[in-house]
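1. Next comes the sequence, and after it the predicted model I'd like to discuss.
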Amino acid sequence: MLTDLLLQKLERDAPLPKNRQLYLLLRELILDGTLRAGNRLPTTRELAKDLGLSRNTVMYAFEQLLAEGYVTARTGSGTYVADTRPEDSMRAEGSAKSAGGGPGVGRLSARGARLVGQAGALSVQWGAFVPGVPDVTAFPYRTWTRIQNKVWRRPGPQWLTYGQSGGHEPLRVALADYLKVARSVDCEPGQIVITHGIHQAIDLILCMLSDPGDTAWIEEPGYWGIRNLLNTSGLAVRAIPVDDEGLNPQPDDWNASPRLVFVTPSHQYPTGAVMSLARRRALLEMARQHDAWVVEDDYDSEFRYGGRPLASLQGLDTAGRVLYVGTFSKTVFPSMRMGYLVLPKPLVEPFRVALSELYRAGHQLEQAILADFIAEGHFVAHIRRMRLLYGERRERLLDGIRSELGEGRVLSHDSQAGLHLVLKLDGDDRAATEAARRAGLVVRPLSQYYQDAARARPGLLLGYAGVPEKEIMPALQKLIGAIGADR
């Protein structure tokens, strides 16, 4: 019987070696109970003859089964199937859990299920009108490759092992110089910690500065990624509405004593509002009084088309309450997965320790390449070029919306900045998003960015950075046709 089963399943012309095939087939028969505990196997000589295989082939399979505990060898008696069944106590425990509604195969934790249920990441990250994605085709690859080759010719051991001290020091020096000039960030290189993007930076902040049950403020509407991180960390999330001047908390809101406040003051995501100076000063003062930490997410503020980029909130902070978070995903390319965190001085050392303990920081070679890229002036030059390019694409999209749909169809306080704009709708923006997807276009529904569905306003986020100018108008007309927007 055993020989017949093996002959049926052995594949003579398969690329997998016969000895490996035989081992896997015998193991399968043992695991599914066809070969039961105590059954004696044929001798290697007998089985080799019956299967038409060499004895060495069969011996390999038997030796592997013996090494992994599937069979036992008795001197002078033969080879027998081992008893690998779980002990009775273990089987009873497993049965009780299943009967009692405990975790089953594939069942997620409550926070895991909540995270998956609220997921907002797109499966498509390129094309019209994917929001938040830069034009990676315009990146100076030759310059980057030249620097990369130079770095690889002189790699030090410290670049090929785990990262320490918050990141490659020359990168932190170059970044501090850039942030002081371009974003009015008040910092020294030692206050900067290099992270694997904004999400890791925020995850680190949540770990170090909050406990489950603490209150955190987010903007309403606001970035869904931060909201999901907060929810899965067990914080009580309070959504504070945004108006033309940015985050607009009321006196009663402060009674909840937030531990963390997440804001995008220079270019609110997704509406584009800019937080006024009065609101910035009020937020900093209330954070000081209530011992709250303000997390400034400065995700794309380099791209402002109506003048010089606005100064950071961190530059106004005299009490050390602001943690400034930035990313290279928009200014270099997203797949680099590199960001940074500018910390108040008392937090630097504990955050460095936590970064090393939790994430085993790396990407040292990429950090060295980026450091030279910034220090040699290529980073600023690239931003300058892309600012002009994105500004032209933004104007082309705005002109198209005006000509096809009329005035007043773009969210009123959308500032002249960023990589997307918001098209106002009257109907169901989620249905419009699905209609656009069927037409081969990628947009995001504005309602997805609200925590409170009752406050949600319909609209579509249209990313223009990655759409060549000549393709903007045809893509817009296709979108209008797909969603049935009123002309």
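-> Received it, and whenever you're ready, just let me know what you need. Note that the coordinates shown come from a computational prediction; the quantities given were computed from them, not determined experimentally. Numbering: from 1, shown residues only.
2. What's the end-to-end length of stretch 214-225?
-> Using Cα to Cα, to the nearest Å, the end-to-end distance of stretch 214-225 comes out at 18 Å.
3. What ranges in the protein fall below the confidence cut-off?
-> 86-106, 118-127, 155, 158-159, 163, 307-309, 361, 412-415, 485-487 (pLDDT under 70).
4. Distance from the longest helix along the chain to the middle of the chain?
-> The helix spanning the most residues in the chain, taking DSSP state H as the definition, is helix 378-405. Counting by Cα atoms, centre = their mean, to the nearest Å, helix 378-405 is centred 26 Å from the centre of its parent chain.
5. tell me which residues in it are buried?
-> By neighbour count on 16 or more other Cβ atoms under 10 Å, the buried set for helix 378-405 is 378-379, 382-383, 386-387, 389-391, 393-394, 396-398, 400-401, 405. C-betas here are computed from N, CA, C, even on glycine.
6. How about stretch 34-50?
-> Across stretch 34-50, burial judged by 16+ other Cβ under 10 Å covers Leu35, Leu41, Pro42, Thr44, Leu47, Ala48.
7. what's the longest helix of the chain packed up against?
-> Applying 3 or more Cβ pairs under 8 Å, 6 or more residues apart in numbering; DSSP states H and E, we find helix 378-405 packed against helix 169-182, helix 364-375, strand 420-424, helix 469-483.
8. re earlier: and the buried residues of stretch 34-50, which of them are in helices?
-> Thr44, Leu47, Ala48.
9. Save these as CSV, and put in distance to Leu310 too.
-> Below are those laid out as CSV (distance: Cβ to Cβ, whole Å):
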residue, distance to Leu310
Thr44, 78
Leu47, 78
Ala48, 79
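10. Return the closest of those with respect to Gly69.
-> Nearest to Gly69, judged by Cβ to Cβ, of these is Thr44 at 18.6 Å.
11. quick one: that closest one and Leu53, what's the gap?
-> Separation of Thr44 from Leu53 (Cβ to Cβ, to the nearest Å): 10 Å.
12. Likewise for Ala201?
-> Distance of Ala201 to Leu53, computed by Cβ to Cβ: 58 Å.
13. Quick check on the two: which one has the bigger neighbour count.
-> Higher neighbour count among Ala201 and Leu53: Ala201, with 26 against 19, using other Cβ atoms under 10 Å.
14. so that one touches Met338, yeah?
-> No: with contact defined as Cβ atoms under 8 Å, Ala201 does not reach Met338; the gap is 10.5 Å.
15. any common contacting residues for these two?
-> Both Ala201 and Met338 are contacted by Thr195, under the criterion Cβ atoms under 8 Å, 6 or more residues apart in numbering.
16. So which of the buried residues of stretch 34-50 is the closest to Asn255?
-> Ranked by distance to Asn255 (Cβ to Cβ), the buried residues of stretch 34-50 are led by Leu35 at 69.4 Å.
17. For the closest one, give me its contacts.
-> Contacts of Leu35 (Cβ under 8 Å, 6+ apart): Leu2, Leu26, Leu29, Leu41, Val81.
18. got a winner among those residues for most neighbours?
-> Counting neighbours by other Cβ under 10 Å, Leu26 comes out on top of the contacts of Leu35 with 25 neighbours.
19. what separates it from Glu220, distance-wise?
-> For Leu26, the distance to Glu220 (Cβ to Cβ) stands at 61 Å.
20. repeat for Leu284
-> In terms of Cβ to Cβ, Leu284 sits 20 Å off from Glu220.
21. before we move on, what about Ala14?
-> Distance, Ala14 to Glu220, using Cβ to Cβ: 59 Å.
22. So between those two, which is more surrounded?
-> Using other Cβ under 10 Å as the criterion, Ala14 and Glu220 rank with Glu220 on top: 19 against 10.
23. The more buried one contacts Arg238, doesn't it?
-> No: contact criterion Cβ under 8 Å: Glu220 and Arg238 do not qualify, at 9.1 Å.
24. Quick check: can you list the domain ranges of the protein?
-> Listed domain ranges for the chain are 2-81, 155-376 (source: automatic domain parsing).
25. most packed of the ones you listed?
-> Neighbour counts (mean count of other Cβ atoms under 10 Å) averaged over each of the domains of the chain peak at domain 155-376, with a mean of 19.
26. And it, how far out from the chain middle?
-> 15 Å.
27. Strand partners (parallel or antiparallel) of the host helix or strand of Gly326?
-> Gly326 is part of strand 322-327, with elements assigned from DSSP states H and E. When pairing is defined by DSSP bridges, strand 322-327 lines up against strand 293-297 (parallel), strand 339-342 (antiparallel).
28. Of all those, which one comes closest to Ala371?
-> Closest to Ala371 of the strands paired with strand 322-327 is strand 339-342 (Cβ to Cβ; 12.0 Å).
29. which residues are in contact with the closest one?
-> Applying Cβ under 8 Å, 6+ apart, the contact partners of strand 339-342 are 167, 175, 179, 185, 187, 191-198, 200-201, 204-205, 314, 323-329, 351.
30. mind exporting the very next helix or strand once past it as CSV, just the C-alpha atoms?
-> Downstream of strand 339-342, the next assigned helix or strand under DSSP H and E is helix 348-359. What follows is helix 348-359, C-alpha atoms only, in CSV (Å, rounded to 0.1, in the frame of the first residue of the first chain):
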residue,chain,number,x,y,z
VAL,A,348,17.1,63.4,22.9
GLU,A,349,18.9,60.7,24.8
PRO,A,350,15.8,58.6,25.8
PHE,A,351,14.5,58.8,22.3
ARG,A,352,17.9,57.6,20.9
VAL,A,353,17.9,54.7,23.3
ALA,A,354,14.3,53.8,22.4
LEU,A,355,15.0,54.0,18.7
SER,A,356,17.9,51.6,19.0
GLU,A,357,16.0,49.2,21.3
LEU,A,358,12.7,49.1,19.3
TYR,A,359,13.8,49.3,15.7
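31. got the angle for helix 348-359 vs strand 322-327?
-> Interaxial angle of helix 348-359 relative to strand 322-327 (axes from the mean of the first three to the mean of the last three Cα atoms, to 10 degrees): 40 degrees.
32. packing partners for helix 348-359?
-> For helix 348-359, the packing partners by 3+ Cβ pairs under 8 Å, 6+ apart are strand 192-195, helix 198-209.
33. Which of the three states applies to the residue of the chain most remote from its centre?
-> Within the chain, the residue lying farthest from the chain centre (Cα atoms, centre = their mean) is Gly76, at 60.2 Å. Secondary structure state of Gly76, per DSSP: H, G, I helix; E, B strand; the rest coil, is coil.
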